[in-house]
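Engineer: Fold the following for me, if possible:
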Amino acid sequence: MSEQPTTPPESTPLRETVRLRYAAAAVKVAGGGTACRGPQPVEVDENFGATLYAADERDALPAEAVAASLGCGNPTAVAALREGEDVLDLGSGGGIDVLLSARRVGPTGMAYGLDMTEEMLALARANAERAGAANVRFLKGVIEAIPLPAHTVDVVISNCVINLFVDKPAVFAETFRVLKGGGRIGVLDVVADDTLTPGQRAERGDYVGCIAGALAFAEYRAGLEAAGFTDVEITPIRTVADGMHSAIIRATKPVPAEAVS
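Structural biologist: Next up, the predicted model:
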């Protein structure tokens with residue numbers, strides 16, 4: 001496995017559809033407020049968005065970061081972040097999980113956010129400035145080709161983003177590459193029952209709605225293990241469509257044998 005960042009893949013019509021959807025969401029949040037009402041949240045159903053965070057966490061962040069939340073849970077709590085850790089958020093959007101991560105890892109840690117959408121990156125950087133967060137860094141790129149060196153971060157988080165990308169093996173391989181030995185993932189994603197075919201998943205929702213691109217439980221586990229992860233745990237927490245679930249996914253990158261010896 002290469003130690004260097006992977007060359008980004010060429011854009012595809014599906015990737016562009018996803019990018020345009022999230023660009024529009026960022027523009028709505030950034031420009032849709034008034035002095036009285038504040039930024040207007042992106043419309044999502046009850047299975048997604050800022051209501052899945054504790055009220056005290058929402059209240060501690062810029063309103064624009066909260067309004068742009070489109071995930072299916074709170075990965076910063078799932079990953080059990082600790083003081084001094086370096087963490088990477090795949091598909092960081094408006095920055096809510098990066099800002100929460102930065103608070104958890106403290107000034108001796110670093111929170112990276114990776115997103116492919118210029119509008120979301122601009123919103124996230126503005127939110128970091130509003131929050132006065134110094135230990136954050138936002139990067140432009142796709143999660144199949146993470147623009148960081150190998151062995152950079154202790155933890156990778158993600159909030160209902162991996163299902164939006166077609167090349168899941170590349171996502172898992174890149175996540176494994178940038179983690180330090182002994183590092184871990186703590187992500188939330190939509191996962192399908194093993195009995196559902198890809199066609200049946202697509203019948204329940206589209207790709208940009210985080211449904212059609214979801215892996216089944218067995219596929220998710222096999223993909224992580226093929227990339228080299230161990231201790232894979234996939235725990236459904238909420239039904240988002242018939243046979244489709246918001247799930248917590250945890251796994252560990254083993255410490256190399258030479259490091260142990």
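
Engineer: Show me where the stretch 101-250 of the chain has its strands.
Structural biologist: For the stretch 101-250 of the chain, applying DSSP state E, counting those that start in this stretch gives strands covering 110-115, 136-140, 153-159, 179-192, 215-216, 230-241, 244-252.

Engineer: Give me the distance between the two termini of stretch 222-231.
Structural biologist: End-to-end distance for stretch 222-231: 12 Å, by CA to CA, to the nearest Å.

Engineer: For it, the averaged confidence score.
Structural biologist: Stretch 222-231 comes out with an average pLDDT of 98.

Engineer: Tell me which residues of it come out buried.
Structural biologist: By neighbour count with 16 or more other CB atoms under 10 Å, stretch 222-231 contains the buried residues 223, 224, 227, 228, 229. (Glycine included, C-beta is placed from N, CA and C.)

Engineer: how about the residues you listed, which pair is most distant?
Structural biologist: The largest separation in the buried residues of stretch 222-231, counting by CB to CB, is between 223 and 228 at 11.0 Å.

Engineer: could you dump the strands of the stretch 101-250 of the chain to JSON lines with distance to residue 202?
Structural biologist: Shown next, in JSON lines, are the strands of the stretch 101-250 of the chain (distance: least, CB to CB, whole Å):
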{"stretch": "strand 110-115", "distance to residue 202": "25"}
{"stretch": "strand 136-140", "distance to residue 202": "29"}
{"stretch": "strand 153-159", "distance to residue 202": "22"}
{"stretch": "strand 179-192", "distance to residue 202": "10"}
{"stretch": "strand 215-216", "distance to residue 202": "13"}
{"stretch": "strand 230-241", "distance to residue 202": "11"}
{"stretch": "strand 244-252", "distance to residue 202": "11"}
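
Engineer: Determine which of those approaches residue 208 most closely.
Structural biologist: strand 179-192 (12.2 Å).

Engineer: With adjacent residues omitted, what lies nearest to residue 148?
Structural biologist: Using CB to CB, 6 or more residues apart in numbering and skipping the chain neighbours, the partner closest in space to residue 148 is residue 178 (5.0 Å).

Engineer: Oops, could you answer that again for residue 128 instead?
Structural biologist: For residue 128, ignoring the flanking residues on the chain, the nearest one in space by CB to CB, 6+ apart is residue 136 at 4.9 Å.

Engineer: Identify the bridge partners of that neighbour.
Structural biologist: residue 111 (DSSP bridges).

Engineer: hang on, the earlier thing: mind checking the strands of the stretch 101-250 of the chain for the one nearest to residue 83?
Structural biologist: Closest of the strands of the stretch 101-250 of the chain to residue 83 is strand 153-159, at 11.2 Å (criterion: CB to CB).

Engineer: Give me the contacts around the closest one.
Structural biologist: By CB atoms under 8 Å, 6 or more residues apart in numbering, the residues outside strand 153-159 that reach it are 71-76, 78-79, 81, 85-91, 93, 97, 101, 112, 143, 175, 178-180, 183-189.
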